[in-house]
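A.B. asks: here's my sequence, what's the structure:
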Amino acid sequence: MKKISIIGMALMFLLQVGCSKKSIAAPGEVKAIAYAPAIPVLKGLEQNAVLRVGIFIPADQTAQDFQKISMTLNGAAISDVEKLQFYLTGAEPFNTQQLLTSFQPTTAQFDVPLSLKLNAGAYFVWVSVQLKSSASIDGLIEVRAKKLWTSNGKAITIAEPAGPYAKQKGSAVRKANEDGVHTYRIPGMVATDKGTLLSVYDIRYKNSADLPGNIDVGLSRSTDSGKTWQPMKVIMDMGAPHENNGVGDPAILFDPITKKIWVAALWSKGNRSIAGSLPGISPDTTGQFVLVSSDDDGLTWSTPYTITPQIKNPKWHLFFNGPGSGIAMKDGKLVFAAQYWDDVKKPYSTIIYSNDHGASWVGNLNGPKSNTTESQVVETTPGTLMLNMRDNRGSFRSVATTSNMGATWTEHATSYNALQDPVCMGSIIKAQVKVKGVMKEVLFFSNPNTTNGRYDITIKASLDLGQTWLPANQLLIDERNCYGYSSLTQIDAETIGILYEGTRDLYFVKVPVASIIK
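C.D. replies: This next block holds a predicted model:
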């Protein structure tokens with residue numbers, strides 16, 4: 001690879017750390033500047049790269065010998081931190097190839113010894129946090145770098161541009177290769193009336209590919225608001241042969257009247273997912289809309305069974321749920337978002353519902369807009385459903401409402417103009433939460449907040465039930481590239497939980513409502 005000149009490295013440093021050319025052009029003046037990426041600090045991960053210190057040494061300067069770095073950590077987080085690790089990189093993204101030192105802070109202000117000799121050029125020192133297994137995931141963690149000290153006692157103040165130095169905390173619910181599984185994907189989450197969090201997802205044993213393949217539906221359960229998660233349980237396995245007999249794309253629903261929990265998923269017996277599913281009803285020809293249920297707060301589960309004959313038009317190629325979560329309406333109806341691929345294999349988002357708490361289901365309902373697939377549903381006002389849809393045209397979400405359970409649909413004013421989206425699954429829920437001391441019904445929405453590319457996982461809030469989504473009422477959770485799917489649930493009147501995909505991992509973060517609604 002062609003070597004980068006000192007001037008080239010300086011220019012790269014200017015671009016990445018945001019200094020003006022004038023600010024670092026003084027001969028012999030060494031500069032340092034901090035940058036805080038927007039990421040949470042996740043329990044269960046060895047590295048959480050929360051802070052980067054850029055160092056620029058001009059060409060006319062002699063080599064610098066740095067002996068220590070002065071740091072601060074908010075006092076409330078001290079007992080949660082297992083260690084800080086410091087890594088040196090060139091003008092490159094974070095990597096763990098060159099560990100400088102590890103340090104366990106015991107006070108809010110501390111000096112970390114370093115042995116760092118640098119010639120002229122641009123360098124990055126990354127600060128990574130590892131949380132204790134006992135760490136709380138409430139509150140924030142804030143790590144800052146204040147000064148670099150040379151061997152002759154000179155202090156270089158580290159500039160601190162504005163940025164998200166205070167980080168949300170969370171936990172890694174599932175990690176790639178854990179329990180011998182290559183990839184965990186497609187999160188769905190719900191809270192029961194007992195406060196139990198139930199998370200469902202694809203267990204993709206061999207690779208990260210979609211159905212068909214060897215995929216089961218897994219469940220993780222938490223009884224302490226996501227601080228810890230019980231061992232994974234497989235709740236959907238369609239049996240041998242496991243290869244090309246997978247089940248995935250789960251959605252989960254809690255019925256507050258019967259206390260029963262329902263999970264829906266797509267069963268592909270052979271090549272019967274989107275690419276290979278055909279018209280008909282039989283599992284041998286078409287993908288199956290399957291259900292399992294639990295009557296004991298998610299501890300045990302029924303055997304999977306298909307409801308495809310009840311809900312699918314035999315002319316359609318495929319009919320299955322929208323991944324994420326379903327809802328219970330005010331009048332007791334249970335509703336899952338769904339999607340069908342019609343007789344010419346054109347996709348539409350739609351719904352299915354039950355009038356009798358899951359004993360039977362109503363489907364075969366026309367969707368509001370073609371070329372839409374994964375969707376989620378909320379009840380905005382009693383009897384009115386809003387369907388928030390992934391639109392394959394790209395750039396924005398499509399939105400429609402119905403007041404007659406999907407017999408007819410009306411395009412919403414925000415459809416394809418208000419919520420940007422890179423053609424990805426998104427999550428939407430309605431929650432009764434405390435806003436500036438007053439209880440209020442609020443819609444919360446999460447997705448990669450881009451029009452192209454899956455990154456910037458963001459939670460947005462609408463205080464008028466989806467009529468507007470004001471830029472002030474949103475919070476960037478994770479700026480990193482990711483697989484992009486997410487699922488929201490309400491934890492309590494002041495907290496929203498989000499379960500979202502990293503890359504082959506699933507992460508959970510508790511987010512104060514006050515951090516989203518400004």
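A.B. asks: ranges for the helices of the chain?
C.D. replies: 6-17, 308-311, 513-516 (DSSP state H).
A.B. asks: what's the offset of the second one from the middle of its chain?
C.D. replies: The reference is to helix 308-311. Centroid displacement of helix 308-311 relative to its chain, using C-alpha atoms, centre = their mean, to the nearest Å, is 32 Å.
A.B. asks: ok, the last one next?
C.D. replies: Taking C-alpha atoms, centre = their mean, one finds helix 513-516 lying 17 Å from the centre of the chain it belongs to.
A.B. asks: how far away is Ser79 from Ala108?
C.D. replies: From Ser79 across to Ala108, the span is 12 Å (C-beta to C-beta, to the nearest Å). All C-beta atoms are positioned from the backbone trio N, CA, C, and that covers glycine.
A.B. asks: ok, Arg504 next?
C.D. replies: 36 Å.
A.B. asks: how about low-confidence regions in this structure?
C.D. replies: For the chain, the stretches with pLDDT under 70 are 1-27.
A.B. asks: quick one, domains of it?
C.D. replies: What automatic domain parsing lists as the domains of the chain is 6-169, 175-516.
A.B. asks: mean neighbour count added to those domains, as a markdown table?
C.D. replies: Listed next are the domains of the chain as a markdown table, based on neighbours: other C-beta atoms under 10 Å:
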| stretch | mean neighbour count |
| --- | --- |
| domain 6-169 | 17 |
| domain 175-516 | 20 |
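A.B. asks: residues contacting the closest residue to Ile491 other than its chain neighbours?
C.D. replies: Excluding its sequence neighbours, the residue lying closest to Ile491 (C-beta to C-beta, 6 or more residues apart in numbering) is Gly497, at 4.9 Å. Counting by C-beta atoms under 8 Å, 6 or more residues apart in numbering, Gly497 makes contact with 189, 191, 197, 225-226, 488-491, 508-511.
A.B. asks: dump these to CSV, plus distance to Asp478.
C.D. replies: Formatted as CSV, the contacts of Gly497 follow (distance: C-beta to C-beta, whole Å):
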residue, distance to Asp478
Met189, 16
Ala191, 21
Leu197, 19
Ser225, 20
Gly226, 16
Leu488, 14
Thr489, 17
Gln490, 20
Ile491, 18
Phe508, 12
Val509, 8
Lys510, 14
Val511, 11
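A.B. asks: and which of those is nearest to Ala32?
C.D. replies: Nearest to Ala32 out of the contacts of Gly497 is Val509 (C-beta to C-beta; 30.1 Å).
A.B. asks: for the closest residue to the closest one other than its chain neighbours, list each beta-bridge partner.
C.D. replies: In space, Val509 comes closest to Gly170 once its chain neighbours are excluded; the distance is 3.5 Å by C-beta to C-beta, 6+ apart. On the basis of DSSP bridges, Gly170 is bridged to Leu42, Val509.
A.B. asks: could you give the number of residues near Gly170?
C.D. replies: 29 (other C-beta atoms under 10 Å).
A.B. asks: do you know how far it is from Ile327?
C.D. replies: For Gly170, the distance to Ile327 equals 25 Å [C-beta to C-beta].
A.B. asks: also Lys345?
C.D. replies: Going from Lys345 to Ile327 by C-beta to C-beta gives 29 Å.
A.B. asks: same question for Gly139.
C.D. replies: For Gly139 relative to Ile327 (C-beta to C-beta), the value is 30 Å.
A.B. asks: same question, Ile55
C.D. replies: 52 Å.
A.B. asks: and what of Gly383?
C.D. replies: 13 Å.
A.B. asks: same thing with Gln168?
C.D. replies: Taking C-beta to C-beta, one finds Gln168 at 26 Å from Ile327.
A.B. asks: check Leu118 too.
C.D. replies: With C-beta to C-beta as the criterion, Leu118 and Ile327 are 57 Å apart.
A.B. asks: tell me the phi and psi of Ile257?
C.D. replies: phi -90, psi -50 (degrees, to the nearest 10).
A.B. asks: tell me the contacts of it?
C.D. replies: Residues in contact with Ile257 (C-beta under 8 Å, 6+ apart) are Ala328, Gly332, His357.
A.B. asks: kindly recompute the last result at 6 Å.
C.D. replies: Gly332 (C-beta atoms under 6 Å, 6 or more residues apart in numbering).
A.B. asks: check Thr258 too.
C.D. replies: Contacts of Thr258 (C-beta under 6 Å, 6+ apart): His357.
A.B. asks: distance between stretch 210-230 and the chain's centre?
C.D. replies: 14 Å.
A.B. asks: also stretch 379-391?
C.D. replies: Distance, centroid of stretch 379-391 to centroid of chain: 22 Å (C-alpha atoms, centre = their mean).
A.B. asks: now swap in stretch 332-342 and tell me
C.D. replies: Using C-alpha atoms, centre = their mean, the offset of stretch 332-342 from its chain centre is 23 Å.
A.B. asks: just the CA trace of that stretch, in PDB.
C.D. replies: Extracted as PDB, the C-alpha positions of stretch 332-342 are listed here (Å, rounded to 0.1, in the frame of the first residue of the first chain):
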ATOM      1  CA  GLY A 332     -59.500  -7.000  23.000                       C
ATOM      2  CA  LYS A 333     -58.700  -7.900  19.300                       C
ATOM      3  CA  LEU A 334     -55.200  -9.300  18.700                       C
ATOM      4  CA  VAL A 335     -53.400  -7.900  15.600                       C
ATOM      5  CA  PHE A 336     -50.200  -8.900  13.800                       C
ATOM      6  CA  ALA A 337     -48.800  -6.900  10.900                       C
ATOM      7  CA  ALA A 338     -48.400  -9.200   7.900                       C
ATOM      8  CA  GLN A 339     -47.300  -9.300   4.200                       C
ATOM      9  CA  TYR A 340     -48.500 -11.200   1.200                       C
ATOM     10  CA  TRP A 341     -47.000 -11.800  -2.200                       C
ATOM     11  CA  ASP A 342     -49.900 -11.900  -4.600                       C
END
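A.B. asks: got the contact list for that stretch?
C.D. replies: Here stretch 332-342 has contacts from 251, 255, 257, 264, 316-319, 321-322, 326-328, 347-355, 358, 373, 375-377, using C-beta under 6 Å, 6+ apart.
A.B. asks: try 7 Å
C.D. replies: 251, 253, 255, 257, 262, 264, 274, 316-322, 326-329, 347-355, 357-358, 363, 367, 373-377, 385, 387 (C-beta atoms under 7 Å, 6 or more residues apart in numbering).
A.B. asks: in strands, which of these appear?
C.D. replies: Judged by DSSP state E, these include 251, 253, 262, 264, 318-321, 327-328, 347-354, 373-377, 385, 387 as members of strands.
A.B. asks: so what would you say the end-to-end distance of stretch 478-494 is?
C.D. replies: For stretch 478-494, the first-to-last residue distance is 21 Å (C-alpha to C-alpha, to the nearest Å).
A.B. asks: report the distance from that stretch to the chain centre.
C.D. replies: Stretch 478-494 sits 4 Å away from the centroid of its parent chain (C-alpha atoms, centre = their mean).
A.B. asks: then stretch 167-175?
C.D. replies: Computed by C-alpha atoms, centre = their mean, the chain-centroid distance of stretch 167-175 equals 10 Å.
A.B. asks: can you give me the strands for the stretch 151-300 of the chain?
C.D. replies: Secondary structure of the stretch 151-300 of the chain (DSSP state E, counting those that start in this stretch): strands located at 155-157, 166-174, 183-191, 197-204, 215-222, 233-236, 245-254, 261-269, 288-294.
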